[in-house]
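Participant: 3D, please:
(one chain, ligands or ions: 1)
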Amino acid sequence: MTAEQISLEAMETGHLDGAVLLSREAGWPHRREDWELVLSVSEGIVALQDGRVVATTIITPFGSDAAAINMVIVDSAMRGRGLGRRLMDAALEKTGIRSCRLVATKEGLPLYEKLGFVAVGEIIQHQGKALKVAVPATVSWARDDEHEKICSLDRAACCLDRSKLMCILRQAARFAVIRERGEVKAFAAVRAFGHGLVVGPVVASSRQQAKDLIQFMLAHHEGDFVRLDMELSTELGPWLVERGLAHVGGGIPMQRGPKVERAEAPYRTYALVNQALG
Ligand SMILES: CC(C)(COP(=O)(O)OP(=O)(O)OC[C@H]1O[C@@H](n2cnc3c(N)ncnc32)[C@H](O)[C@@H]1OP(=O)(O)O)[C@@H](O)C(=O)NCCC(=O)NCCS
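Facilitator: Model (predicted):
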């Protein structure tokens, strides 16, 4: 079967069982619900061979000037034949003039470099069973009327219009906040993902605030399997290991196209929604 006999089509929910099989085969933990969440704020492309999903990619727009490309997977039996490149070309066509970002695996890196993506840092992944820790007094669960403020902090930290994504997370995640004089100054979210839970995004204006937020989530999920993805430069790795979350891998964040503005000081994203969404 040649690459030309494989058709590219818009991803629909009917393709998700095939997509889950591909991600499982690639060693990724995504459940059908995790694919559904990403697809609900994105546009996906599947490669079909005799109706079977043999490759995937998803484009998540953030407003009109930025997008993330994620879930790039080619069936292991069909790699090295140009299918990954074909999907990426189709994805980039959809992103148009937007600035594009992604988190590359070791396997994806050469392809993305050829397409003009440039490495901009390093992401580390930590996960494990959360050990017993104290609940920090500075953190509380968020009220529903604080969601707008949470969204504005997210925007200040990542400089992206992620309003659609944050709207979905409002349903899918539980948020905790740090307030100063009654106003929300930092937040973290926790939700079901993969083999357990993921904590992210975490947006704060200091490492101490980020630690307090994460510790609050761990204290409420003692013994649960928890994952966090974050920039190596946050220097939170060793602290997470002490709390039961081992360093198990990571990826290379890459960008292509016009640069997006820098974060609004002092806010910073200390943990990602996940590697796919940044
Ligand atoms: C990454 C992945 C999608 C690539 O798919 P693929 O179909 O094998 O890729 P292609 O055959 O289209 O190759 C793409 C390009 O990368 C190049 N390439 C691939 N591996 C390379 C390597 N190790 N060193 C240098 N170049 C490499 C190819 O030569 C090709 O370049 P060309 O288009 O100029 O000829 C596939 O390996 C995969 O699914 N991996 C597992 C999941 C994963 O890690 N996905 C990436 C998520 S960020």
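
Participant: what sits up against the helix or strand encompassing residue 253?
Facilitator: With the criterion set as DSSP states H and E, the secondary-structure element containing residue 253 is strand 246-256. When contacts are defined by Cβ atoms under 8 Å, 6 or more residues apart in numbering, strand 246-256 is touched by residues 92, 99-105, 109, 112, 115-128, 229, 231-232, 237, 240-241, 275, 278. Where you see a C-beta, it was placed from the backbone N, CA and C, and this is true even at glycine.

Participant: same question for stretch 121-131.
Facilitator: Residues outside stretch 121-131 that contact it (Cβ under 8 Å, 6+ apart) are 103, 196, 218, 221-233, 237, 240-241, 243-253, 272, 275.

Participant: hmm, try it at 6 Å
Facilitator: Contacts of stretch 121-131 from elsewhere in the structure, counted by Cβ atoms under 6 Å, 6 or more residues apart in numbering, are 103, 218, 221-229, 231-232, 237, 240, 243-251, 253.

Participant: re earlier: quick one: the strand holding residue 253 near the ligand?
Facilitator: No - counting by Cβ under 6 Å from any ligand atom, the ligand is not contacted by strand 246-256; separation bottoms out at 6.8 Å.

Participant: how about that strand: buried residues?
Facilitator: When neighbours are counted by 16 or more other Cβ atoms under 10 Å, the buried residues of strand 246-256 are found to be 250, 251, 252, 253, 254, 255, 256.

Participant: the fourth one pairs with what?
Facilitator: Yep, that's residue 253 we're talking about. Per DSSP bridges, the residues bridged to residue 253 are residue 103.

Participant: ok, and which of the contacts of strand 246-256 reach the ligand?
Facilitator: The subset of the contacts of strand 246-256 lying close to the ligand, counting by Cβ under 6 Å from any ligand atom, consists of 104, 105.

Participant: closest to the ligand among the buried residues of strand 246-256?
Facilitator: Distance to the ligand across those (Cβ to the nearest ligand atom) is lowest for residue 251, with 6.8 Å.

Participant: how close does that closest one sit to residue 267?
Facilitator: Using Cβ to Cβ, to the nearest Å, we find residue 251 at a distance of 23 Å from residue 267.

Participant: any chance of the buried residues of strand 246-256 in a markdown table, with distance to residue 65 too?
Facilitator: Shown next, in a markdown table, are the buried residues of strand 246-256 (distance: Cβ to Cβ, whole Å):
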| residue | distance to residue 65 |
| --- | --- |
| 250 | 27 |
| 251 | 23 |
| 252 | 23 |
| 253 | 18 |
| 254 | 17 |
| 255 | 13 |
| 256 | 13 |
